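Enquirer: Generate coordinates for the sequence data below:
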Amino acid sequence: MTIQTDVLVVGGGATGAGTARDLALRGLDVTLVDRGGLSAGTSSRSHGLCHSGARYAESDPAGAEECIQEREVLGEIAGACVRDTGGLFVQLEGDDPDYFAAKRDACEEVGIPTRELEGDDARAEVPALSPNVERALSVPDAVIYPSRLVAANAADAREHGARIFTHAPVEEMHLEGDRIATATLGGRVDDTVEADFVVNAAGAWAGRVAAMADVDVEMQPNRGVMVSVRDDALEPATMPVLNRCREPTDGDIVVPHEDEVVLGTTSVDVDDPDEYETADWELERVREECGRMLPPVANAADVRTWWGVRPLYAPDEATRESRGISRGFFLLDHGADDVANMTSIVGGKLTTYRAMAEATADLVCERLGVDDPCVTADRRLPGADDPDRLDAFVAEFDAGGPSDADVVSTGDDIDRS
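Expert: Model prediction:
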């Protein structure tokens, strides 16, 4: 029997689940579908850094301001989906002191709280820090457990009437005039959906979904490696996130969990987000560079390794250099492409998923004549204060992944490496 719905959301990562939640809370009938388990594409394969915005403060002030705002919102609504660790941007001997100063000043301009520490004071907070750390800038970074975050958003959407279908890939879209009339689902559902509006939140796969509606969305998938390690010399439970205070490059982030640290990452463009080669040099580079900040990780025991694919939007061929592509998000109204009832939400960061979802839901509601405002910034996620309940959501939606596999307990061993 055909599924009738106001909005079909394609893609069950953080942005798709957040959009489904936002729309359901505004009273719309929503159907969320993903070709696999929730968060399986990119969200659960990240390094899990909840950005304060400091990483982008001097290069993208607007994006940095968005990060600090959403970081504060997540601190209020996400509970055990987020761990408030704080963060340090560390300047090593030989690093450009002017860059440190520019970042500190830019953070002040944006409104990101900072505190400057001398090297010895930084080592007092993180004893394993390199003796070559000359000074550090304390910022309000945190750690996200993406599996929990995505599953909690989906659970709240479902509590407000949304249908959540996992392992249900969109196989075809049928156009009638300037509208998507139906979408055919395969997998476990094997049915047809008739929706008044379609949201393409498929991340690195957004181009493929858009192509089903004869729309071009130019994505540049970009892989990065993460290595989780453990060593007796580390104290992850009390560590802040560590960032190298220099222009973003390979191996400049260390994200602490409870008894492991995640080292990241690299940036390599790929042609296919499903089929891509990986390279040993990435593993070596990440360990070596992160080890300059935190020496014990250079030879620490390897717990697990995974690659993720960033959903970078690159409509201009001339700007397709991965480090130079904006990490901001883009909301594409396909009315301009003669498909009146479809939008794609692309780019962005895990930290800003809720703002991305709000912008998307605003556009959908405008098109469908719905006046209800967004409430997701003020409404706590279900299970936020109960890790066991959050982990039950993760298991139910098959949302587990390598990013937080050491923290999230689903009763199964998750291995999506």
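Enquirer: Residue 245: what's it in contact with?
Expert: If you count contacts by C-beta atoms under 8 Å, 6 or more residues apart in numbering, residue 245 has them with 89, 90, 91, 95, 99, 100, 103, 136, 137. Quick note: C-beta positions are derived from backbone N, CA and C, even for glycine.
Enquirer: Those, buried ones only, as a PyMOL selection?
Expert: Per 16 or more other C-beta atoms under 10 Å, the buried members of those correspond to this PyMOL selection:
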select buried, resi 89+90+91+95+100+103+136+137
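Enquirer: Need the max-distance pair from the contacts of residue 245.
Expert: Pairwise distances across the contacts of residue 245 (C-beta to C-beta) peak at 13.3 Å, for the pair 99 and 136.
Enquirer: Tell me how the chain divides into domains.
Expert: Domain segmentation of the chain under automatic domain parsing yields 3-44+146-219+315-404, 84-142+223-309.
Enquirer: Please identify the deepest-packed of the ones you listed.
Expert: Mean neighbour counts were compared across these using mean count of other C-beta atoms under 10 Å; the top stretch is domain 3-44+146-219+315-404, at a mean of 21.
Enquirer: what separates residue 221 from residue 252, distance-wise?
Expert: In this view, residue 221 and residue 252 are 21 Å apart by C-beta to C-beta, to the nearest Å.
Enquirer: same deal with residue 160?
Expert: Taken as C-beta to C-beta, the span from residue 160 to residue 252 is 40 Å.
Enquirer: Now do the helices in this protein.
Expert: Ranges of helices within the chain are 14-25, 61-77, 97-110, 119-125, 146-159, 206-211, 280-293, 353-368, 387-396, based on DSSP state H.
Enquirer: nearest to residue 197, of those helices?
Expert: When the helices of the chain are ranked by proximity to residue 197 (C-beta to C-beta), helix 353-368 comes first, at 5.3 Å.
Enquirer: Enumerate every residue touching residue 94.
Expert: Shown in contact with residue 94 (C-beta under 8 Å, 6+ apart): residue 132.
Enquirer: Kindly provide the distance from it to residue 249.
Expert: 14 Å.
Enquirer: Repeat that for residue 373.
Expert: 41 Å.
Enquirer: now do residue 208
Expert: 30 Å.
Enquirer: Now for residue 203: which residues touch it?
Expert: Counted by C-beta under 8 Å, 6+ apart, residue 203 has contacts 11, 13, 15, 41, 42, 309, 311, 346.
Enquirer: Closest one to residue 68 out of these, please.
Expert: Nearest to residue 68 among the contacts of residue 203: residue 15, at 19.1 Å, using C-beta to C-beta.
Enquirer: Now do the same for the closest one: its pLDDT.
Expert: Note for residue 15: predicted pLDDT of 98.
Enquirer: Show the contacting residues for it.
Expert: By C-beta under 8 Å, 6+ apart, the contact list for residue 15 reads 201, 203, 345, 348, 353, 356, 357, 360.
Enquirer: Now with 6 Å, please.
Expert: Contact analysis of residue 15 by C-beta atoms under 6 Å, 6 or more residues apart in numbering lists 201, 345, 353, 356, 357.
Enquirer: Report the central residue of the chain.
Expert: Closest residue to the average C-alpha location of the chain: residue 350 at 2.3 Å, with C-alpha atoms, centre = their mean.
Enquirer: follow-up on the earlier one: now distance to residue 142 too, for the contacts of residue 203, in JSON lines please.
Expert: As requested, the contacts of residue 203 are exported to JSON lines (distance: C-beta to C-beta, whole Å):
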{"residue": "11", "distance to residue 142": "25"}
{"residue": "13", "distance to residue 142": "19"}
{"residue": "15", "distance to residue 142": "19"}
{"residue": "41", "distance to residue 142": "23"}
{"residue": "42", "distance to residue 142": "19"}
{"residue": "309", "distance to residue 142": "23"}
{"residue": "311", "distance to residue 142": "22"}
{"residue": "346", "distance to residue 142": "25"}
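Enquirer: Counting only strands, which of those residues make the cut?
Expert: Counted as lying in strands by DSSP state E, out of the contacts of residue 203, are 309, 311, 346.
Enquirer: Tell me what residue 331 is bridged to.
Expert: Applying DSSP bridges to residue 331 yields these beta-bridge partners: residue 345.
Enquirer: Is it correct that it is in contact with residue 359?
Expert: Yes. Using C-beta atoms under 6 Å, residue 331 is in contact with residue 359, at 5.2 Å.
Enquirer: For the nearest residue to residue 339 once chain neighbours are set aside, grab phi and psi.
Expert: Of all residues not flanking residue 339 in the chain, residue 213 sits nearest, at 5.1 Å (C-beta to C-beta, 6 or more residues apart in numbering). When quoted as degrees, to the nearest 10, the phi and psi of residue 213 stand at phi -110, psi 20.
Enquirer: Please report how far residue 213 lies from residue 41.
Expert: Taken as C-beta to C-beta, the span from residue 213 to residue 41 is 19 Å.
Enquirer: Equivalent analysis for residue 73, please.
Expert: Relative to residue 41, residue 73 is positioned 23 Å away (criterion: C-beta to C-beta).
Enquirer: and if you look at residue 134?
Expert: For residue 134, the distance to residue 41 equals 40 Å [C-beta to C-beta].
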